[in-house]
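S.K.: here is my input; please provide its structure:
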Amino acid sequence: GSSSENCDFETDLCKALYELNSQPGWVRRNGRSRMGPPYSDHSGNNSAYFLSLSSEMRSFSATLRTNVFLPTDEEHVCQMTFHYWINQMSGTLVVGIQKYSEDMITNVWQVSGELQNQWNVNTITINSTEKYEV
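M.R.: Okay, here's the model as predicted:
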């Protein structure tokens, strides 16, 4: 069967992510936080929480790591759908996979500089014969 899990950041972090304090540069906030746009989440709710780069991280990169996912097979392909917002011309959002036998991260998707200042959505499909992190 297929199992899906929703991750909305309403109560701290979802199960898929490590603790936020081990992911420097990211803050959990909502549209009322007086940190600038976005002023609501992707559904228009200004009290719903999302993750945002902290203002000190403007010129650096910051990583969000998931917990470990199990290998996929013909019946269990992993799909991840995520909403994202880019408000800097220089910003690039990259999704990568790190398999357990590999030291390096393989980039599977990235976006930069398009559709500024609005919520966008993307879905990636992952096939891996071994445990991996995203």
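S.K.: which residue ranges form the helices in the chain?
M.R.: For the chain, helices defined by DSSP state H do not occur.
S.K.: ranges for the strands of it?
M.R.: 26-30, 49-53, 78-85, 92-99, 106-112, 119-126, 132-133 (DSSP state E).
S.K.: mean neighbour count for these - can I get that in JSON lines?
M.R.: C-betas here are computed from N, CA, C, even on glycine. Formatted as JSON lines, the strands of the chain follow (neighbours: other Cβ atoms under 10 Å):
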{"stretch": "strand 26-30", "mean neighbour count": "17"}
{"stretch": "strand 49-53", "mean neighbour count": "19"}
{"stretch": "strand 78-85", "mean neighbour count": "14"}
{"stretch": "strand 92-99", "mean neighbour count": "16"}
{"stretch": "strand 106-112", "mean neighbour count": "12"}
{"stretch": "strand 119-126", "mean neighbour count": "13"}
{"stretch": "strand 132-133", "mean neighbour count": "19"}
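S.K.: out of those strands, nearest to Tyr39?
M.R.: strand 26-30 (9.0 Å; Cβ to Cβ).
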